[in-house]
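Novice: The amino acid sequence is not available; the structure is as follows:
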């Protein structure tokens, strides 16, 4: 398998605080990588850095997509290069309908606008997949949405935009059992031989649906341990203490 995405010795700060301390990660085409770790260890900082958030200053290291160095690219450039971030806490935008937002997003990423009839056909199919009523499209973006509705909308965006690399920042946060199943199964069916996913999560439960090729334990702004899907099960049973103690001995 060829490499789709790579992070090379990435060091990052926010203001005066160092948040990433030498992250290395390689995602091959067709792979799903899960990143797990305690709160405050830098997982969301990693996600924001990968999408080019201007508040995160890269001190050294590289971010490569399809072999191209995108470390200095703006967020909109990364989106056009087919990267996607599903936020842990999607922002509400009162007065902007879901339909208007999705049409504008598709145009910005694709460079062309779909005909209204094409857009309606595409949307209907995806709404059905996610078990979402068509009235959803007339509501203001994330305004008054439940946690499950916000995450279904993020999943809808992903399926419409068809990114090469999807970064999911705690998509399972705030989901009940049924919503978790619907969202996770749709993400699982999105997998493909030319795509990659980075799934950031606290819990094994989402990984019951989205089977990771590799699991990484994040701590102190870096990857402490990597392994197969069995590593997530061990973390669920034993927590993170053993990983942190193991790294204390090594260092």
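Specialist: Okay, I see it. The structure presented is a predicted model; accordingly, all values stated were derived computationally and were not measured.
Novice: Mind listing what's buried along stretch 48-63?
Specialist: 48, 49, 50, 51, 52, 53, 56, 58, 61, 63 (16 or more other C-beta atoms under 10 Å). C-beta coordinates here come from the backbone N, C-alpha and C atoms, glycine included.
Novice: State the mean pLDDT of stretch 135-151.
Specialist: Regarding stretch 135-151, the rounded mean pLDDT is 89.
Novice: now it: how far from the chain's centre is it?
Specialist: In terms of C-alpha atoms, centre = their mean, to the nearest Å, the centre of stretch 135-151 is set 19 Å apart from its chain centre.
Novice: measure that stretch end to end?
Specialist: With C-alpha to C-alpha, to the nearest Å as the measure, stretch 135-151 spans 17 Å from end to end.
Novice: Ok, stretch 58-77 next?
Specialist: 17 Å.
Novice: Please identify the buried residues of it?
Specialist: 58, 61, 63, 64, 65, 70, 71, 73.
Novice: How about the contacts made by the first one?
Specialist: The contact partners of residue 58, taken as C-beta atoms under 8 Å, 6 or more residues apart in numbering, are 10, 11, 12, 49, 71.
Novice: Let's verify it: helix, strand, or coil?
Specialist: Classification of residue 58 using DSSP: H, G, I helix; E, B strand; the rest coil returns strand.
Novice: What's opposite it in the beta bridge?
Specialist: residue 12 (DSSP bridges).
Novice: Surely residue 206 is within a helix?
Specialist: Yes: the assignment for residue 206 (three-state DSSP) places it in a helix.
Novice: what about it, how many residues close to it?
Specialist: Counted with other C-beta atoms under 10 Å, residues neighbouring residue 206 total 26.
Novice: from the contacts of residue 58, which two are the most distant?
Specialist: For the contacts of residue 58, the farthest-apart pair by C-beta to C-beta is 11 and 71; their separation is 11.5 Å.
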